[in-house]
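sequence unknown, structure follows:
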């Protein structure tokens, strides 16, 4: 999808965000099959991902995964749970206060790093085991986004997420 012209009515609406997002949680998974490790800060490497994460050396398309904090209660409710811990969902960063879909096809600053939306982060079959029967479907539409690291830098809990063109 290409964005509409910035000066069009739709372009102006799509560029208008209520406020910056905020990093609420950061986690890495050092290897396949091990638990996520929660961090207060992480280093994003250009063309890779977060230091210490198993996806760091990949293609970069899935360098960092983000999920919206406001979706966690929805996922929990749809999975029949009281709550869902971020580590269970296997995403690197939880963002509050900003609809992640508004970043589609855009670059954005997250702490010191510059990231670029690459695709939606759809759930995998592991969500069925993590959340129980129906867990995969509970996450559909709420799985977050994948981003490529364009410029590396430090990302801390509490850092802002803002569109690069803002």
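Sure thing, it's come through. From a predicted model like this one, the values you see are computed outputs, not experimental measurements. Numbers count the residues shown, from 1 in each chain.

from here on, just use CA atoms for contacts and neighbour counts.
Will do.

if I look at the residue nearest to residue 156 when sequence neighbours are not counted, how far off is residue 51?
Excluding its sequence neighbours, the residue lying closest to residue 156 (Cα to Cα, 6 or more residues apart in numbering) is residue 41, at 4.1 Å. As judged by Cα to Cα, to the nearest Å, residue 41 and residue 51 stand 10 Å apart.

OK, contacts around the residue nearest to residue 156?
26, 154-157 (Cα atoms under 8 Å, 6 or more residues apart in numbering).

go again with 10 Å.
Contacts of residue 41 were listed using Cα atoms under 10 Å, 6 or more residues apart in numbering, and they are 23, 25-27, 50, 111, 154-159.

which of those has the most neighbours?
The residue in the contacts of residue 41 with the most neighbours, by other Cα atoms under 10 Å, is residue 50 (28 neighbours).

backbone dihedrals for that residue, please?
phi -90, psi 130 (degrees, to the nearest 10).

just for the chain, where's the confidence low?
Applying pLDDT under 70 to the chain flags residues 1, 57-60, 166.

hey, what's the residue nearest to the spatial centre of it bridged with?
For the chain, the residue sitting closest to the mean C-alpha position, by Cα atoms, centre = their mean, is residue 66 at 0.7 Å. For residue 66, the beta-bridge partners under DSSP bridges are residue 93, residue 145.

wait, isn't it in contact with residue 26?
Yes - assessed by Cα atoms under 10 Å, residue 66 is found in contact with residue 26 at 9.3 Å.

wait, what's in contact with the closest residue to residue 71 other than its chain neighbours?
In this structure, residue 71 finds its nearest non-sequential neighbour in residue 142, 6.0 Å apart by Cα to Cα, 6+ apart. Contacts for residue 142 (Cα under 10 Å, 6+ apart) come out as 67-72, 74-75, 120-123.

wait, which of those is closest to residue 10?
residue 120 (21.4 Å; Cα to Cα).

show me what that closest one is bridged to.
residue 145.

just checking, it touches residue 145?
Yes - assessed by Cα under 10 Å, residue 120 is found in contact with residue 145 at 4.3 Å.

for the two, list the residues in contact with both.
Joint contacts of residue 120 and residue 145 (Cα under 10 Å, 6+ apart) are 62, 65-67, 100-101, 104.

of those residues, buried ones?
62, 65-67, 100, 104 (16 or more other Cα atoms under 10 Å).
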